[in-house]
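**Student:** here is my input; please provide its structure:
(one chain, ligands or ions: 1)
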Amino acid sequence: MTATISKGLAGVVADTTAISMVNPESNSLTYRGYPVQELAAACTFEEVAYLLWHGELPDAGQLREFEAAERSRRPLSRSTLDVLARIPESCHPMDALRTAVSHLGSEDPTEDDADANLHASIDLFARIPAVVALVQRRRRGLAPIPPDPALGFAENFFHMTFGEVPAPEIVRAFEISLVLYAEHSFNASTFTARVVTSTLSDLYSAVTAAIGALKGPLHGGANEAVMHMLHEIEDPARAGSWLAEAFAEKRKIMGFGHRVYKNGDSRVPTMEAALRDLAAAKDAGRLMELYDALGGAMVRAKGIHPNLDYPTGPAYHLMGFDIPTFTPIFVMSRITGWTAHIIEQLAANSLIRPLSAYAGHEERRVPEASRRL
Ligand code: ACO
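**Tutor:** Residues are numbered from 1 along each chain as shown. Got it, this is the predicted structure:
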């Protein structure tokens, strides 16, 4: 029998989901039916997180209760702080985060039913920012700053990272990025989480594996790679020649292209508008010139459009975050989508186990030991 192989599972529909819909034809993305652009314009990130988990936007009472739960669960335990203190400072923050999430799992004694999983999801949502902020500060030789329960999710992250909350427009640009990053159907890291969950393993194992998948530069790691690339090119006038050289070396240009969207990523216009406002506020005209020069040259040369990581990289840079903190920020957001998918997978589980077409040696006999050794 000749099997049809979909390399990289391209074009394969693996299951149904009610969490989000990506439509490349209409260039749209909806979370639980709501266009992501409308959510980014009108909602806080806490409201969007609630929507992803519960299927509906919260009313005022539900939001108050949810915010209170998130704010009360932010502090890290002594034992998590001790584990983080023992991780080498030189390691990538995604490695520290992966270890921290695994450790948080060992501190949670509850069973893996749907209620416990929702509780664990909110715990991770509340605690991951404290890990990310602590790790950036440690790399700068600074002591951690405890969370402030008087502040919302996004403001508190700035407070824990920098000891201050920037102007509301900057917090808003950050919050828009979190809304846009939150969920994207069966992307590589979410699918990883679903595969792990499908074996009836626990939520923390699934999230730890998802962090590993997100770290790679073909996925979440691209937002960091974009900023390294912009630093490397430096001069807007060099964008075209740099690109030609990269093509000649058959290098992938980070922050461009997408497995599903072939005519542009539906999230980019919203993030790009936030980036332009941010750049105007920070007097970063030259960076935007380079951003536009490279983006234009890439579309002209190959017809390949930017993905969400192209505008978020420079946006996080302008907000003051260190480059190795960019992908961990993606985790702070995508933890909502991952855990919504873990809960959905468990509700109608089937072990995820594809087939492979064998392409190795013909069957052969093991030679006797005297002929091998
Ligand atoms: N730079 C250069 N060429 C590219 C790029 C790119 N970024 N993206 C696609 N292409 C080219 C490929 O070389 C290939 O050309 P060929 O047919 O002449 O060989 C063609 O476009 C098709 O590309 P594939 O790699 O087959 O497309 P695929 O769907 O597998 O790749 C991917 C999608 C992995 C995202 C790819 O576009 C890429 O590597 N991009 C850079 C990394 C990146 O930005 N990742 C972030 C993804 S979005 C997110 O995680 C939020």
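**Student:** out of everything not next to it in sequence, what's closest to the closest residue to the ligand within the stretch 251-373 of the chain?
**Tutor:** Closest approach between the stretch 251-373 of the chain and the ligand, counting by C-beta to the nearest ligand atom: Gly257, at 2.2 Å. Where C-beta positions appear, they are placed from N, C-alpha and C, glycine not excepted. The shortest distance from Gly257 to any non-neighbouring residue, by C-beta to C-beta, 6 or more residues apart in numbering, is to Ile304 (4.9 Å).
**Student:** now do the contacts for that neighbour.
**Tutor:** Going by C-beta atoms under 8 Å, 6 or more residues apart in numbering, Ile304 touches Ile253, Phe256, Gly257, Met298.
**Student:** so how many other residues sit close to the last one?
**Tutor:** This means Met298. Met298 has 23 neighbouring residues, counting by other C-beta atoms under 10 Å.
**Student:** how about the residues of this protein near the ligand?
**Tutor:** Residues of the chain lying close to the ligand by C-beta under 6 Å from any ligand atom are 8, 218-220, 222, 252-259, 304, 307-309.
**Student:** which ones among these are found in helices?
**Tutor:** Among those, DSSP state H puts Ala222, Asp309 in helices.
**Student:** now a PyMOL select for only the buried ones of the residues of the chain next to the ligand.
**Tutor:** To isolate the buried ones among those in PyMOL, judged by 16 or more other C-beta atoms under 10 Å, type:
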select buried, resi 219+220+222+253+254+255+256+257+258+307+308+309
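**Student:** can you check which helix is longest in this structure?
**Tutor:** helix 114-139.
**Student:** off-centre distance for it?
**Tutor:** In terms of C-alpha atoms, centre = their mean, to the nearest Å, the centre of helix 114-139 is found 14 Å from the chain centre.
**Student:** tell me the mean pLDDT for that helix?
**Tutor:** Mean pLDDT, helix 114-139: 96.
**Student:** next secondary structure after it?
**Tutor:** helix 153-162 (DSSP states H and E).
**Student:** so that following helix versus helix 114-139, what angle?
**Tutor:** 30 degrees (axes from the mean of the first three to the mean of the last three C-alpha atoms, to 10 degrees).
**Student:** in PDB, list the C-alpha atoms belonging to helix 153-162.
**Tutor:** Backbone C-alpha positions of helix 153-162 (Å, rounded to 0.1, in the frame of the first residue of the first chain) are rendered in PDB as follows:
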ATOM      1  CA  PHE A 153      -2.000  41.500  34.800                       C
ATOM      2  CA  ALA A 154      -0.100  43.600  32.300                       C
ATOM      3  CA  GLU A 155       0.700  46.500  34.700                       C
ATOM      4  CA  ASN A 156       1.900  44.000  37.300                       C
ATOM      5  CA  PHE A 157       4.300  42.400  34.800                       C
ATOM      6  CA  PHE A 158       6.000  45.800  34.100                       C
ATOM      7  CA  HIS A 159       6.100  46.400  37.900                       C
ATOM      8  CA  MET A 160       7.800  43.100  38.600                       C
ATOM      9  CA  THR A 161      10.200  43.500  35.700                       C
ATOM     10  CA  PHE A 162      11.200  47.200  36.000                       C
END
